[in-house]
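> coords below, sequence missing:
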């Protein structure tokens with residue numbers, strides 16, 4: 001049995017919801033609406049993750065000082081960090097665990113839009129939702145894919161700029177981390193990934209990444225972003 005088979009009941013439910021929406025809306029619009037509905041339901045988890053990131057940002061100077069003070073005594077450093085988190089009533093994993101909980105939801109939607117089903121036979125401006133860009137024919141189909149990738153690149157650029165600002169805001173005394181300079185460019189990974197999946201999955205990616213960008217901007221307004229990559 002496939003590892004992803006455990007998701008089949010949830011995928012079937014998601015299919016039925018999108019199919020029901022598609023009876024009154026174009027299927028592409030139904031995908032967008034369904035994705036927005038799921039992201040709205042997951043918003044409390046995003047708020048919890050934002051609180052965790054803000055806590056890490058607030059404690060970053062103290063953590064850097066402890067790293068400097070106990071750099072040659074790892075056991076003392078761990079004890080000091082544990083005491084700091086206890087005093088501040090924070091957790092180093094507060095921003096990570098809510099994001100991990102979201103992974104099954106994204107896996108369901110990815111499987112729905114990449115596994116052959118009747119929804120993928122519908123079209124967007126004449127382009128089948130199950131079509132891959134490598135099979136596109138004619139200028140009209142190329143235009144649809146081009147607009148999709150341009151929109152994804154625009155959203156990715158927003159994430160890229162945010163990650164660069166986060167890096168620039170780090171104190172000069174912070175310990176350099178290998179590969180950190182490359183981290184902002186990972187925002188463009190969604191564009192490359194979209195080229196490997198059908199049009200329906202690309203529409204999902206655009207919707208969920210645009211939601212993530214807007215959500216993070218709202219939840220972190222007025223604060224310095226913490227370096228990292230957001231889950232789409």
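The structure has been received and is ready for your questions. Being a predicted model, the structure only gives us computed values, none of them experimental. Numbers count the residues shown, from 1 in each chain.
> What is the neighbour count of residue 113?
For residue 113, the count of nearby residues is 27 (other CB atoms under 10 Å). Where you see a C-beta, it was placed from the backbone N, CA and C, and this is true even at glycine.
> Which helix or strand lies directly C-terminal to the lengthiest helix in the chain?
Longest helix of the chain, by residue count under DSSP state H: helix 138-168. Downstream of helix 138-168, the first helix or strand assigned by DSSP states H and E is helix 189-194.
> ok, residues contacting that following helix?
By CB atoms under 8 Å, 6 or more residues apart in numbering, the surrounding residues in contact with helix 189-194 are 148-149, 152-153, 155-156, 201-202, 205-206, 209, 232.
> Following element in sequence after that helix, please.
With secondary structure assigned by DSSP H and E, helix 189-194 is succeeded by helix 199-219.
> From the chain's centroid, how far away is that next one?
Distance, stretch centre to chain centre, for helix 199-219: 8 Å (CA atoms, centre = their mean, to the nearest Å).
> Next: stretch 115-125.
24 Å.
> cool, and stretch 58-77?
Put simply, stretch 58-77 sits 30 Å off its chain's centre (CA atoms, centre = their mean).
> Between the two ends of that stretch, what distance do you get?
18 Å (CA to CA, to the nearest Å).
> buried set for it?
For stretch 58-77, the neighbour count (16 or more other CB atoms under 10 Å) marks 59-60, 63, 66, 70, 77 as buried.
> and of those, the nearest to residue 187?
Nearest to residue 187 among the buried residues of stretch 58-77: residue 60, at 21.9 Å, using CB to CB.
> Check whether the closest one sits in a helix, strand or coil.
helix (DSSP: H, G, I helix; E, B strand; the rest coil).
> cool, and residue 221?
Three-state call for residue 221 (three-state DSSP): coil.
> so who does it touch?
When the contact criterion is CB under 8 Å, 6+ apart, residue 221 has no partners at all.
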